[in-house]
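Student: Turn this into a structure:
(one chain, ligands or ions: 1)
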Amino acid sequence: MGTIRHSPQDILGAGFLEDRQAPSGRRRAARQGPRASHEARVERFYSHGVERYGSFHDNYLNFGLWEPGCAIFVEAAEALIERVAATIALSSASVLLDVACGMGSQDRFLMRRFSPRAIEGLDLTAKHIAIAQRRNLYPNVTYRVGDACALPFPDGAFTHVMAIEGIVHFNTRERFFREAHRVLAPGGRLGASDFFLGRPPRTAIEERLLRWCSAAWHVPRENASTVEAYRAALEGSGFADVHLEVVSDRVIPGYYAEQMRPEIRRQLYAIRGWIIGRLSHVIDALMYRLYRAGLVGYLLVSAQKAPE
Ligand SMILES: C[S@@+](CC[C@H](N)C(=O)[O-])C[C@H]1O[C@@H](n2cnc3c(N)ncnc32)[C@H](O)[C@@H]1O
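Tutor: This next block holds a predicted model:
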């Protein structure tokens, strides 16, 4: 267990205290002092306990695609990646940018399964990238720390961009779509898995729960998009041939069941420390309830930059 000290705002999203205190302007700034950026908070959230992950869940951090009969987390995680990659026709000719690549497990899987010409993995969390680099087996797979909303690559550098589950944190999702469109070559494809807002909240309690969950999980408010808004954001960023497939029922219950297993809970507490481990469980439980209420869903995305 770590002895890391946390302020509430380190652990929770910036919006959490804002929502409760609701002071504005200079008074709020004076009370709260200089604050870490959204990106610094996200990185801190994901950095807790990374050095203790070992081979837990083969270092996958996604919810997985739980096809009927699947009961093993790593199989679900890889089924999700395989599905997204197949949807955008990843092949041995592809030059892939993998945004929010986490600890690189998905890139090793993609190399085994699709043998793309090259993969550039990018993630905000330096500790994730350090592990990805240490475990990398391929000379044509490279990694760097970076922000999905300010991609350090020239225009048209990639045939494909993938983003498995990081997008919900990006500040903002729409900025990332514009960046993904910029770094794709004409005809290039974006493939992703992401969360969406199933419907607007109907009651003050739903509104609060949604806001709390978003703040605790570092989701910018602008990213609470319905499927229609999601499509509009992609098309507004220049993408065509947009396909959005809602797969919530094959993702969220399977992940929730896995995370609630006593053995998994114990391991997660040992890895993440008590505070973040507990917080993560509260977020998981809350998100499951929001899913059951039809407020939160999960979708697969594919879209294309128009060929010239
Ligand atoms: C839920 S994890 C998914 C990781 C990986 N795709 C997987 O499936 O195991 C989300 C990842 O998004 C990364 N992330 C969050 N915000 C980011 C940003 N602005 N730019 C790049 N990566 C970001 C986090 O560091 C984390 O590794």
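Student: Please name the residues that touch whatever residue of the stretch 151-300 of the chain ends up closest to the ligand.
Tutor: The nearest approach of the stretch 151-300 of the chain to the ligand comes at Gly166, 2.9 Å away (CB to the nearest ligand atom). (Glycine included, C-beta is placed from N, CA and C.) Residues near Gly166 by CB atoms under 8 Å, 6 or more residues apart in numbering: 99-100, 102, 123-124, 148.
Student: hang on, Leu36 is in a strand, isn't it?
Tutor: For residue 36 the amino acid is Ala, not Leu. No: Ala36 is assigned coil when assessed by DSSP: H, G, I helix; E, B strand; the rest coil, not a strand.
Student: Tell me the residues of the stretch 101-250 of the chain that contact the ligand?
Tutor: Counting by CB under 6 Å from any ligand atom, the residues of the stretch 101-250 of the chain close to the ligand are 101-102, 106, 122-125, 128, 147-149, 164-166, 169-170.
Student: So which elements touch the helix ranked longest in the chain?
Tutor: Longest helix in the chain, counting residues (DSSP state H): helix 274-292. On a contact count with 3 or more CB pairs under 8 Å, 6 or more residues apart in numbering; DSSP states H and E, helix 274-292 meets helix 8-11, helix 204-216, helix 252-260, helix 262-272, strand 296-305.
Student: what's the spatially most central residue of the chain sitting at in phi/psi?
Tutor: Nearest to the mean C-alpha position of the chain, counting by CA atoms, centre = their mean, stands Gly166 at 1.9 Å. Per-residue torsions, Gly166: phi -90, psi -20 (degrees, to the nearest 10).
Student: ranges for the helices of this protein?
Tutor: Along the chain, counting by DSSP H, helices occupy 8-11, 14-21, 25-32, 38-47, 73-87, 105-114, 126-135, 173-183, 204-216, 227-236, 252-260, 262-272, 274-292.
Student: mind listing what Glu245 touches?
Tutor: 299-300.
Student: Just list whatever residues bridge to it.
Tutor: Leu300 (DSSP bridges).
Student: count of neighbours near the residue lying closest to Cys101 once chain neighbours are set aside?
Tutor: Of all residues not flanking Cys101 in the chain, Gly121 sits nearest, at 3.5 Å (CB to CB, 6 or more residues apart in numbering). Residue neighbour count, defined by other CB atoms under 10 Å, stands at 27 for Gly121.
Student: Would you confirm that Gly121 contacts Ile129?
Tutor: Yes: contact criterion CB atoms under 8 Å: Gly121 and Ile129 qualify, at 7.5 Å.
Student: Now the common contact residues for the two.
Tutor: The contact sets of Gly121 and Ile129 overlap at 101, 104, 143-144 (CB under 8 Å, 6+ apart).
Student: For whichever strand in the chain runs longest, buried residues please.
Tutor: Longest strand of the chain, by residue count under DSSP state E: strand 184-197. Going by neighbour count (16 or more other CB atoms under 10 Å), the buried part of strand 184-197 is 184-185, 188-197.
Student: So which of the contacts of Gly166 sit within strands?
Tutor: Among these, DSSP E puts 99, 123 in strands.
Student: who wins for neighbours among the contacts of Gly166?
Tutor: Busiest of the contacts of Gly166 [other CB under 10 Å] is Val99, holding 28 neighbours.
Student: That residue and Phe177, how far apart?
Tutor: 11 Å (CB to CB, to the nearest Å).
Student: Likewise for Ser105?
Tutor: Distance of Ser105 to Phe177, given as CB to CB: 25 Å.
Student: And the two? Which one has more around it.
Tutor: A count of neighbours by other CB under 10 Å puts Phe177 above the other of Ser105 and Phe177, at 28 against 23.
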